[in-house]
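> Below is the sequence, then the predicted model.
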Amino acid sequence: MKIGVFDSGAGGLTVAKSLIEQPLSKEIIYYGDTARVPYGTKDSNTIIRYALEAIEFFNNFDIDLLITACNTVSAYALPSMREKAKYPIYGVIEPGIWALNKKLSNKDAKILIIATRATINSARYQDELKELGYKNINAIQTGMLVPIVEEGILEGRVLEEMLHYYFKDIKTPDAIILGCTHFPLISKAIKSYFNNNPILIHSGEAIVEYLHNKNYKSLENTPTINIYASDNVQGLREIANKWL
Ligand code: DGL
């Protein structure tokens, strides 16, 4: 099996990493739209247009399944993408909610969603959680964490200041949905800000578990990953060497 992974840029490598650690395919084709990242500040029409162009990119490869690692794309573009593609497409929002629901049975639990402006404004996470009966949902836009991670700042004062800026008025949640591809890379700092108490939901781990549940079988061997980008592919490959 060949799995395509699409993201607005480098962040989706956190999802690719889970697919490498718990292989479901022999091959991964990763495409990051590095020329146009970030998507999280764009409006829905633009996000859908870019996502449909990614489908055209994947037409060059004979993929069996496409994973949209980007939460922002998952929030807006899946129905339009599915109309254009011959293979199944999964986003990361539904798997994230599914994973949370398995871990957190108390519907009064305090849930914090952190994501880009576009993902939060779509209310996809919030609406699906409400539908499942969760009552204490707090959703905040934390888009400035994206460039910080892209700068390779994964710990230390700058990151801690930024976390304080976003979290200072927030009571320790029971669970945090890392609703953005980049945030697993700073999950240690996020968890430690709240004294290591909250459960964290990571899109990559969630999608692998979700696909297992849909009967996609685990493989023994580590898959090969081929990385493509709309700009500076060499730069993305270097980031992949660091992150994967
Ligand atoms: N990949 C995006 C997401 O998960 C974050 C970066 C961006 O804004 O494009 O929402």
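Yep, it's here.

> wait, what's in contact with the most centrally placed residue in the chain?
Nearest residue to the geometric centre of the chain (Cα atoms, centre = their mean): Thr181, 3.5 Å. Thr181 sits next to Asp7, Ser8, Gly11, Gly12, Leu13, Thr14, Val15, Ala69, Cys70, Asn71, Ser203 when contact means Cβ atoms under 8 Å, 6 or more residues apart in numbering. Any C-beta I mention is one placed from the backbone N, CA and C, and that applies to glycine too.

> Contact partners for Lys217?
Leu24.

> for it, helix, strand, or coil?
Secondary structure, DSSP: H, G, I helix; E, B strand; the rest coil: Lys217 is coil.

> Spell out which parts of the protein neighbour the ligand.
7-9, 11, 37-40, 70-72, 116, 119, 146, 180-182 (Cβ under 6 Å from any ligand atom).

> contacting residues around Arg157?
Contacts of Arg157 (Cβ under 8 Å, 6+ apart): none.

> Give the phi and psi angles for it, as a check.
Dihedral pair for Arg157: phi -60, psi -40, per degrees, to the nearest 10.

> So for the nearest residue to Asn213 once chain neighbours are set aside, what's the pLDDT?
Closest residue to Asn213 apart from its sequence neighbours, by Cβ to Cβ, 6 or more residues apart in numbering: Trp98 at 7.8 Å. Turning to Trp98, the model gives it a pLDDT of 98.

> Heading C-terminal from the host helix or strand of Trp98, find the next helix or strand.
Using DSSP states H and E, Trp98 falls within helix 93-103. Going down the chain from helix 93-103, the next helix or strand is strand 110-115, by DSSP H and E.

> longest helix of this structure?
Using DSSP state H, we find that the single longest helix of the chain is helix 44-58.

> those helices in the chain, which residues are they?
13-21, 44-58, 71-76, 78-84, 93-103, 117-122, 124-131, 145-150, 157-167, 187-193, 203-213, 233-243.

> Out of those helices, which is the most enclosed?
Among the helices of the chain, helix 71-76 has the highest mean neighbour count (mean count of other Cβ atoms under 10 Å), at a mean of 30.

> Pull the distance from that helix to the chain's centre.
With Cα atoms, centre = their mean, to the nearest Å as the basis, helix 71-76 stands 9 Å off its chain's centre.

> quick one: average confidence on that helix?
Helix 71-76 comes out at a mean pLDDT of 98.

> Could you double-check that Ile148 lies in contact with Gly156?
No - in this structure, Ile148 is not within contact of Gly156 by Cβ atoms under 8 Å, at 10.2 Å.

> circling back: and the residue nearest to Asn213, what is it in contact with?
Residues counted as contacts of Trp98 (Cβ under 8 Å, 6+ apart) are Ala206, Tyr210, Asn213.
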